[in-house]
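# Fold the following, please.
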Amino acid sequence: MSNVNGKVYAMNVITPMRPWKTFALRAIFFALWHIKPLQSDLINLSFIEFARWVIIPRRRFPHLGHGQEKEDLKYDYLLFFSNFNGTWNQYIDAFSAVLSKGLNLIWRWSDKFPGSVPVTPFKEYIARVQFDTDYYYTAYPHATANDLKSAHVVQEAFDALSTQAQGSTPEQFAEAYRDFVLQVQCHLGETGEAPVAC
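You can find the predicted model right below:
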């Protein structure tokens, strides 16, 4: 599947919105961007590497050139793009359970959105409006978002150990090394194959 690269899944969803609803959604996005505590639930879902919503106005929908006829679109569109670790079902379940109010606040402006709870109609809706990624690149396909965060912790601790080692006796270094190992042991992740994406 082109949406999966190692442990990372790319999701692209595009939904139609009546143009008058776009103004309300822009105001909501403005508030969400400027009031950071409103983003905390999304940020705290540690398996999400990236998530973004973009409004595409009907008059600015991509036009590929002279060979493509201009379309008179009646709707604006909401594009949702996300990278996450785990399966499609796990992601949708977590979104529905943890972010239902936020999802409803944003997607309620899209036509035929059933709400994020109960989860079954929400999954059916997402499956209908999702499109595959033709090519998906990720720099670390066999590492999850948590693996990358842990790698930063290990690197910082290792840099500190390296600096400390410059002026240490062998005994001091041995003690510092033991402290280093104890400090980072919970962050020594294991990269590997992704779960089955379904």
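
# ranges for the helices of this structure?
19-34, 40-44, 88-98, 100-107, 119-129, 145-165, 170-184 (DSSP state H).

# So for residue 11, which of those sits nearest?
Residue 11 lies closest, by C-beta to C-beta, to one member of the helices of the chain: helix 88-98, at 7.2 Å. (Each C-beta comes from the backbone N, C-alpha and C, glycine too.)

# May I see the buried residues of that closest one?
For helix 88-98, a neighbour-count test (16 or more other C-beta atoms under 10 Å) marks 88, 90-92, 95-96 as buried.

# from the residues you listed, which has minimum pLDDT?
In terms of pLDDT, the weakest of the buried residues of helix 88-98 is residue 95, which scores 81.

# The chain - how does it break down into domains?
When the chain is parsed with the TED database, its domains come out as 4-131, 145-185.

# Packed most tightly, which of these would that be?
domain 4-131 (a mean of 15; mean count of other C-beta atoms under 10 Å).

# start to end distance for that one?
Length of domain 4-131, first residue to last, C-alpha to C-alpha, to the nearest Å: 13 Å.

# can you check stretch 139-151 too?
So stretch 139-151: terminal residues 14 Å apart, C-alpha to C-alpha.

# how near is residue 33 to residue 73?
Applying C-beta to C-beta, to the nearest Å, the value for residue 33 to residue 73 is 26 Å.

# Identify the residues contacting the nearest residue to residue 16 once chain neighbours are set aside.
Ranked by C-beta to C-beta, 6 or more residues apart in numbering and with sequence neighbours excluded, the top spatial neighbour of residue 16 is residue 75, at 3.8 Å. When contacts are counted by C-beta atoms under 8 Å, 6 or more residues apart in numbering, residue 75 touches 16-19, 58, 111.

# what bits of the protein have low per-residue confidence?
Residues of the chain that meet the criterion pLDDT under 70 lie in 1-2, 38-46, 190-198.

# out of everything not next to it in sequence, what's closest to the residue most central in space within the chain?
Closest to where the C-alpha atoms of the chain average out (C-alpha atoms, centre = their mean) is residue 50, at 2.9 Å. Among residues not flanking residue 50 along the chain, residue 83 sits closest, at 4.5 Å (C-beta to C-beta, 6+ apart).

# got it, and residue 53?
Setting aside the residues directly before and after it, residue 53 is nearest to residue 80 in space (C-beta to C-beta, 6+ apart), at 5.2 Å.
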